[in-house]
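Participant: 3D, please:
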Amino acid sequence: MKVSVTDKFLWDVYNFLENVNSAAGFMFKAPTMRNWLPGEENPIFKKYKKEKGRREFNNLIYYLKRRGYLKVKNLESRHGMIITKLGISKALRASFKLGKAKKRKDGKWAMLIFDIPQKHRKSRDLLRSILLNLGYELFQQSVWVTPYDVSEKTEKLLQTHSLDRYVKIFLIEELS
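Facilitator: You can find the predicted model right below:
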């Protein structure tokens with residue numbers, strides 16, 4: 001499956017942030033600081049600027065800002081990028097496209113059940129698209145299953161979009 005440059009870039013940025021945060025052993029207190037990237041000295045930016053050229057890289061950043069995946073901020077008198085909730089969501093969905101879907105080693109299936117009120121219809125539609133992108137299949141109305149090991153990604157996306165309170169995830173032995 002071919003992955004767009006946008007998806008690949010967002011996944012690389014997200015992956016970089018996850019590695020930096022876990023290596024540092026702490027999370028920044030301000031929610032925006034956790035997703036902050038220093039502008040010019042960022043290794044991801046340098047890599048893409050070298051691969052794509054300055055003009056194409058600038059077009060990519062402009063596109064990502066226009067679509068709401070990145071925001072430019074001045075933090076401590078330095079330019080930096082912040083990856084938004086929308087950007088994190090797109091990055092996690094892209095990670096599933098980038099990697100070969102691996103089935104769970106124990107042979108169990110993940111079952112996800114949700115009950116989102118009608119007044120939150122947009123959230124329900126968003127959840128369905130997330131589940132499809134992660135390889136879930138509709139089992140019954142509001143019940144989705146997958147043999148793939150995507151529990152971590154699912155939980156991150158649910159937390160990112162504040163949907164975790166409407167969702168229950170189970171591990172099951174088999175489907176009947």
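Participant: list the contacts for residue 170?
Facilitator: Applying Cβ atoms under 8 Å, 6 or more residues apart in numbering, we find residue 170 in contact with 110-113. Bear in mind the C-beta positions are built from the backbone N, C-alpha and C, glycine included.
Participant: residue 111 too?
Facilitator: 139, 143-145, 169-172.
Participant: among these, which lie within strands?
Facilitator: 139, 143-145, 169-172 (DSSP state E).
Participant: out of those residues, which is most surrounded?
Facilitator: Compared across these, residue 144 has the highest neighbour count, 24 neighbours, by other Cβ atoms under 10 Å.
Participant: give me the phi and psi angles of the spatially closest residue to it that is not a sequence neighbour.
Facilitator: Residue nearest to residue 144 in three dimensions, not counting chain neighbours: residue 136, with 4.1 Å by Cβ to Cβ, 6 or more residues apart in numbering. Backbone torsions of residue 136, given as degrees, to the nearest 10, read phi -80, psi 150.
Participant: what is the neighbour count of residue 136?
Facilitator: 22.
Participant: tell me which element the residue nearest the centre of the chain is part of?
Facilitator: In the chain, the residue lying closest to the centroid (Cα atoms, centre = their mean) is residue 92, at 2.6 Å. For residue 92, the host element (DSSP states H and E) is helix 85-98.
Participant: now that helix: buried residues?
Facilitator: If you call a residue buried by 16 or more other Cβ atoms under 10 Å, then helix 85-98 has these buried ones: 86-96.
Participant: I figured residue 138 hits residue 144, correct?
Facilitator: Yes: in this structure, residue 138 is within contact of residue 144 by Cβ atoms under 8 Å, at 5.9 Å.
Participant: fine by me, thanks again.
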